[in-house]
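*Asks:* Return atomic coordinates for the entry below.
(2 chains)
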Amino acid sequence: MTSADAAAIFEKIALLMELKGENPFKIRAYRSGAEIVESYAGDIMKMAEANELSGIKGLGEALRDKLHELATTGHLSFYENLKSEFPDGIFELFEIQGLGPKGIKQIYAELGVGSTAELKSAIEDGLVAKLAGFGEKKAAKILEGIAFREAHASEFRLEQVMPVVEQVLEILRAHPGVSRAEVCGSYRRGKETVHDLDFLVATKHPENVIEGFVSMPMVIQVIAKGSTKASVHVAQGLQCDLRAVASSEFPFALNYFTGSKEHNVAMRQRALSRGWTLNEYALSQIEGREGTAIPEIEDEPDLYRALGLDWPEPELRENTGEIEAAEKGQLPYLIKLENLRGVFHNHTTASDGKATLAEMAEAAQELGFQYLGIADHSKSSFQANGLDATRLRRQIETIRELNQTFGSDFRIFAGSEVDILKDGSLDFDDDLLAELDYVVASVHSVFNLPEAEMTQRIIRAIENPHVTMLGHLTGRLLAQRPSYAVNIPTVIDAAAETGTLIELNASPWRLDMDWRWWKLAKERGVKCSINPDAHSVHGLKDVVFGIRSARKGWLTREDVVNCLTLDEVTTLIAKKRLKS
DNA sequence: GCCGTTTTCGGCCCGACTGTTTTCAGTCG
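*Replies:* Numbering: from 1, shown residues only, chains lettered A, B, ... in the order given. Predicted structure coming up:
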């Protein structure tokens, strides 16, 4: 039982209690308990086992006891009892947009609907629309929600799969028969979501390695098992495939299984033009054709070199110009995690964050950052306990005081994540915005505007000289909620014209603005700010996801303002408002 | 269910939008 497992159980208890119409504050206690358990810096399960949990704010007696039971026995009778009152499929229903706990409770009580599939047929049979409080439109909206969910059901976000990748690689590399192991596929290419995970090993004893792979502790089901490949399911239905090849084949297999398909096609064409043929095992002479001698190939760079190319980072391999750039020696020198010197857009307990200003500052320094931007929510974001003018002014003052305690090598920037209101005006007046070091402007409400109106709304906001950067441009939540309608190229042009930065929100739920647009933004001269949108100390580390997306968008350290030094970035965030 | 405490129970997060209503409940952020 890991802390993540325990947190998931608390979260499910909260859902089931919503169904039962329990006291909302009790529900909230479980939900916040889940977050505390998940993000606790330390081995909370070990502490729970030893009954050493007292003093953690938000974990009272009841939750401490339940954690102790989970840590010692591996299950929780309270949860088992609660769960037995509903069918297993009931949890799926919470993932459907437009349907909440009251609705789920009603369709279960009156129609016996306890899964997405049953709900779908009940709607199609016209049963849901007839229920009191429902109607044709609501039923149709729920059906849309189901369709979106189904279309994205096999998509996994990076924060879901990254721990699996690390564990599997660790197991494979520890295997005595394995000389090389790598993850391939869209994960290696840095895609924002993945459907499955592809692993590759070099070994002389494939059967042994395959056997080790299918008997890993996280394996729930073995789908296929042969002498050179196997497929398994791990938690949440995530599929992991393994390919075992000889060491001499490894570079070719690594290249082939990394893809993308389009990139591979281009590679094979290049091989053909040299009289060679390329597959997942080798580069070889085409029989009966005169070709130049094939050089020795031990790793991927050798393979690219043989084809007259520089080695493109996996993130670039989408056949969107990387082959041409590799040929001309013009591949970008992609940004790396260690280039980041600070982050903007983070939250504290002042709004909906879980850590205090001081805790966030300490964590940022531990990560080696020179600066930390705080941008708590503004007053219209009630749900997030947004700050009003008085509280924000007090926070600015606290930040200024705290800054006195740091040396010249660290600074907190006082900012705000200001809501862009429906008409494109901002949640604070210009006088207050002028007191801040910087401003992130984001849309958090009225997502259903027509595209032209939404685009204008955002452009009006970034035309404000105090708006330093535009937060999560499309509002999407990966695999859960689509982007609102907005014309991205038009917004990019406006950002270029007004000298506004665009954020790459590094939360694995968002990765917004999407990597596909950064090349265009770069061409227009728009700079990027990679921000974790951290709501806890732990959340600061989400920058790793943002870095992957930035690399996929061809960004270098010159394109990302958080790579600037403290002095440089201080000048930069003041630039736009000075110009006006 | 947690917190703070005038150590025993009251307070804890609010508003817009939608679709259903005929004055409001559910959902979302």
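
*Asks:* give me the element A:K576 is part of.
*Replies:* Using DSSP states H and E, A:K576 sits in helix A:566-579.

*Asks:* Tell me which residues of that helix come out buried.
*Replies:* Under the neighbour-count criterion of 16 or more other Cβ atoms under 10 Å, helix A:566-579 has A:566, A:569, A:572-573, A:576-577 buried. All C-beta atoms are positioned from the backbone trio N, CA, C, and that covers glycine.

*Asks:* Find the residue at the geometric middle of chain A.
*Replies:* Centroid-nearest residue in chain A, with Cα atoms, centre = their mean: A:P508, separated by 0.9 Å.

*Asks:* ok so that residue is a strand residue?
*Replies:* No. Secondary structure of A:P508 (DSSP: H, G, I helix; E, B strand; the rest coil): coil, not part of a strand.

*Asks:* Could I get the contacting residues of it?
*Replies:* The contact partners of A:P508, by Cβ atoms under 8 Å, 6 or more residues apart in numbering, come to A:157-160, A:478, A:542, A:545.

*Asks:* Which residue ranges of the stretch 301-450 of chain A form strands?
*Replies:* A:342-343, A:371-377, A:411-419, A:440-442 (DSSP state E, counting those that start in this stretch).

*Asks:* Neighbouring strands - and their directions - for the shortest one?
*Replies:* Here the strand partners of strand A:342-343, with direction, are listed using DSSP bridges: strand A:371-377 (parallel).

*Asks:* tally of neighbours for A:D196?
*Replies:* By the criterion of other Cβ atoms under 10 Å, A:D196 has 17 neighbours.

*Asks:* Apart from its neighbours in sequence, what residue is nearest it?
*Replies:* If the residues on either side of it in the chain are set aside, A:D196 comes closest to A:Q239, at 4.1 Å by Cβ to Cβ, 6 or more residues apart in numbering.

*Asks:* Hmm, A:T498 and A:K576 touching each other?
*Replies:* Yes. A:K576 lies in contact with A:T498 (Cβ atoms under 8 Å); the separation is 7.1 Å.

*Asks:* For the buried residues of helix A:566-579, give me TSV that also has pLDDT and distance to DNA strand B.
*Replies:* Below are the buried residues of helix A:566-579 laid out as TSV (pLDDT from 0 to 100; distance: Cβ to the nearest atom of the strand, whole Å):
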residue	pLDDT	distance to DNA strand B
A:L566	97	32
A:V569	97	28
A:L572	97	28
A:I573	96	25
A:K576	92	26
A:R577	87	27
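
*Asks:* Looking at these, spot the one nearest A:A253.
*Replies:* A:V569 (42.9 Å; Cβ to Cβ).

*Asks:* show me where the stretch 51-200 of chain A has helices.
*Replies:* For the stretch 51-200 of chain A, applying DSSP state H, counting those that start in this stretch gives helices covering A:61-73, A:77-83, A:90-93, A:101-111, A:116-124, A:136-151, A:158-174, A:185-188.

*Asks:* give me the number of residues near the nearest residue to A:T455 once chain neighbours are set aside?
*Replies:* Spatial nearest neighbour of A:T455, excluding adjacent residues (Cβ to Cβ, 6+ apart): A:N487 at 4.4 Å. For A:N487, the neighbour count with other Cβ under 10 Å is 16.

*Asks:* you'd agree A:N487 is up against A:P450?
*Replies:* No. A:N487 lies out of contact with A:P450 (Cβ under 8 Å); the separation is 10.7 Å.

*Asks:* Skip the chain neighbours and tell me the closest residue to the residue in the stretch 101-250 of chain A that DNA strand B sits nearest to.
*Replies:* Residue nearest to DNA strand B within the stretch 101-250 of chain A: A:G135 (2.0 Å; Cβ to the nearest atom of the strand). Nearest-residue entry for A:G135: A:A129, 5.8 Å, with adjacent residues in sequence omitted and distances by Cβ to Cβ, 6+ apart.

*Asks:* How about A:Q236?
*Replies:* In space, A:Q236 is closest to A:Q160, 7.0 Å off (Cβ to Cβ, 6+ apart).

*Asks:* Can you pull the residues of the stretch 1-150 of chain A lying near DNA strand B?
*Replies:* Counting by Cβ under 7 Å from any atom of the strand, the residues of the stretch 1-150 of chain A close to DNA strand B are A:23, A:25-26, A:28-30, A:33, A:56-64, A:96-104, A:129, A:132-139, A:141.

*Asks:* Please check these and keep the buried ones.
*Replies:* Here, 16+ other Cβ under 10 Å leaves A:29-30, A:33, A:56, A:59, A:63-64, A:96-97, A:99, A:101, A:103-104, A:129, A:134, A:138-139 buried among these.

*Asks:* The stretch 401-550 of chain A: helices as residue ranges?
*Replies:* Applying DSSP H, counting those that start in this stretch to the stretch 401-550 of chain A gives helices spanning A:430-435, A:451-462, A:488-498, A:518-523, A:543-552.

*Asks:* The ones you listed: which one's closest to A:E80?
*Replies:* Of all the helices of the stretch 401-550 of chain A, helix A:543-552 comes closest under Cβ to Cβ, at 34.6 Å.

*Asks:* Give the other helices and strands that the closest one contacts.
*Replies:* helix A:158-174, strand A:501-505, strand A:528-531 (3 or more Cβ pairs under 8 Å, 6 or more residues apart in numbering; DSSP states H and E).

*Asks:* how far is the second one from where the chain is centred?
*Replies:* Put plainly, it is strand A:501-505. 14 Å (Cα atoms, centre = their mean, to the nearest Å).

*Asks:* contacting residues around that strand?
*Replies:* With Cβ under 8 Å, 6+ apart, strand A:501-505 has contacts from A:344-345, A:440, A:468-473, A:491-492, A:495, A:511-513, A:518, A:521, A:526-531, A:533, A:546, A:549-550, A:553, A:560-561.

*Asks:* Go back to these and keep what's next to DNA strand B.
*Replies:* Okay, of the contacts of strand A:501-505, nothing touches DNA strand B (Cβ under 7 Å from any atom of the strand).

*Asks:* ChimeraX command for the buried members of the residues you listed?
*Replies:* To isolate the buried members of these in ChimeraX, using 16+ other Cβ under 10 Å:
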select /A:344,345,440,468,469,470,471,472,473,491,492,495,511,512,513,518,521,526,527,528,529,530,531,533,546,549,550,553,560,561
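
*Asks:* got any ranges where chain A has weak pLDDT?
*Replies:* A:291 (pLDDT under 70).

*Asks:* go with 50
*Replies:* Within chain A, the set of residues satisfying pLDDT under 50 is empty.

*Asks:* Can you give me the first-to-last residue distance of stretch A:532-543?
*Replies:* Criterion Cα to Cα, to the nearest Å; first-to-last residue distance in stretch A:532-543 is 5 Å.
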